[in-house]
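>>> this one's structure only:
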């Protein structure tokens, strides 16, 4: 029997990679987004605003997915609003699917803010020691990831499906218009530095420059999501998921500079946030886009400097343990520098960067 997947957030970095992975594995795929444009051939597009309960019921009427993958969220001005809006989105989705009685597994993608805290208190206060492990308790702060989890747990207990929670580190992958998009942000920044002769300056903290860290390729996360729903022993558990290597940004920054034929500026220990460095780059990028016939002239559709600054400005090293997945047999691996290079090749081939 063909398994039917509903990918929520199908046009995003994670959702797009997952759609490809599922199609390659022979699944029937439905892709849900507010504007489900540009989905691959064979994917059933579903347009829905999950913030509207009735509109969500109307959009999902007649659908009967066996597996649901939630890979989206909506950024709000405060954490209280993040909790209210994002919990409601998950609740509306699962309520709308209940009448069909078809769902066997719901996979929720969150992230390491589970351990580091929400944006309003990011990397502050008493944090768990690294490497982060799934057995560590929730922080004593409000966090929309916890609210999303609780909606899934409650629906699973009521409706009888299995669940999994997936916690990637910063995700490397290709998508446009995303709120958290370090890879494309750095590609645009490097392209601007090369075109204008500005220094390619590391924007973050000394702790990130010198400390160990890891990342998650969207393709690695997609493989992990598919592995989880195929592995009975993985049901009803939370999992960290990263590439499997570790690095220091002092090494990675040189690697990224080299790909763009740039010299990395010597790090002085002083932070130089991209929000400030790129504040006036909209017109510069528009001219560069016209000069090179790029497909996206609106820099705001490509970059998320606030998010990149949050990650690269953390005052502690971040290393993630994947022992839970490894013990159950997941052996996926992706070199993080190759993940960046693959993304840069894709962005250049698709004419998003010169």
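Nice, I can see it. What you see is a predicted model; the values in this text were computed from it and never measured.

>>> residue boundaries of the helices in this protein?
With DSSP state H applied, the chain shows helices at 13-24, 53-60, 79-97, 113-116, 144-159, 182-196, 206-210, 218-230, 249-259, 274-277, 282-292, 305-312, 323-327, 336-349, listed in chain order.

>>> just put those in CSV and tack on mean pLDDT and distance to residue 35.
Using the backbone N, CA and C atoms, a C-beta is placed for each residue, glycine as well. Shown next, in CSV, are the helices of the chain (pLDDT from 0 to 100; distance: least, CB to CB, whole Å):
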stretch, mean pLDDT, distance to residue 35
helix 13-24, 96, 13
helix 53-60, 97, 13
helix 79-97, 97, 16
helix 113-116, 92, 26
helix 144-159, 98, 22
helix 182-196, 97, 19
helix 206-210, 96, 34
helix 218-230, 98, 20
helix 249-259, 98, 31
helix 274-277, 97, 27
helix 282-292, 97, 22
helix 305-312, 93, 21
helix 323-327, 98, 33
helix 336-349, 97, 21
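
>>> out of those, which is closest to residue 136?
The closest approach between residue 136 and any of these, judged by CB to CB, belongs to helix 113-116 at 6.4 Å.

>>> packing partners of the closest one?
helix 144-159 (3 or more CB pairs under 8 Å, 6 or more residues apart in numbering; DSSP states H and E).

>>> how far off centre is the helix it packs on?
Per CA atoms, centre = their mean, to the nearest Å, the displacement of helix 144-159 from the mean C-alpha position of its chain is 20 Å.

>>> pick out the residue closest to the middle of the chain.
A centroid search over the chain (CA atoms, centre = their mean) returns residue 171, at 4.5 Å, as the residue closest to the centre.

>>> contact partners for that one?
Counting by CB atoms under 8 Å, 6 or more residues apart in numbering, residue 171 touches 13, 14, 111, 180, 182, 215, 216, 217, 218, 221.

>>> mind picking the one among these that's closest to residue 157?
Distance from residue 157 was checked for each of the contacts of residue 171 by CB to CB. The minimum falls on residue 111, at 23.8 Å.

>>> and for the closest one, the neighbour number?
Residue 111 sits with 20 neighbouring residues when counted by other CB atoms under 10 Å.

>>> roughly how far apart are it and residue 325?
Plainly put, residue 111 is 16 Å away from residue 325 if you go by CB to CB, to the nearest Å.

>>> and residue 33, by the same measure?
28 Å.

>>> next one: residue 132
Distance check for residue 132 against residue 325: by CB to CB, it reads 13 Å.

>>> in terms of neighbours, single out the busier of these two.
More crowded of residue 132 and residue 325, by other CB under 10 Å: residue 325, with 24 against 21.

>>> pretty sure residue 242 is one of the things that one touches, is it not?
No. With contacts counted by CB atoms under 8 Å, residue 325 stays clear of residue 242, the gap being 9.7 Å.

>>> who wins for proximity to residue 107 among the helices of the chain?
Each of those has some distance to residue 107 by CB to CB; the shortest is helix 218-230, at 5.4 Å.

>>> which helices and strands sit right next to that closest one?
Secondary-structure packing of helix 218-230 (3+ CB pairs under 8 Å, 6+ apart): helix 13-24, strand 105-109, strand 162-168, strand 171-172, strand 237-241.

>>> elements contacting the third one?
Contacts defined by 3+ CB pairs under 8 Å, 6+ apart place strand 162-168 against strand 105-109, helix 144-159, helix 218-230, strand 237-241.

>>> looking at those, which is nearest to residue 62?
Scanning the helices and strands packed on strand 162-168 with CB to CB as the criterion, the closest one proves to be helix 144-159, at 18.2 Å.

>>> so what does the closest one touch, helix or strand wise?
With contacts defined as 3+ CB pairs under 8 Å, 6+ apart, the secondary structure elements packing on helix 144-159 are helix 79-97, strand 105-109, helix 113-116, strand 162-168.

>>> in the longest one, what's buried?
Of the residues in helix 79-97, those scored as buried under the neighbour-count criterion (16 or more other CB atoms under 10 Å) are 79, 82-83, 85-97.

>>> what of stretch 289-308?
If you call a residue buried by 16+ other CB under 10 Å, then stretch 289-308 has these buried ones: 289, 294, 296, 299, 302, 303, 304, 305, 307, 308.

>>> residue 342: which of those is nearest?
Of all the buried residues of stretch 289-308, residue 342 sits closest to residue 302, with 17.3 Å by CB to CB.
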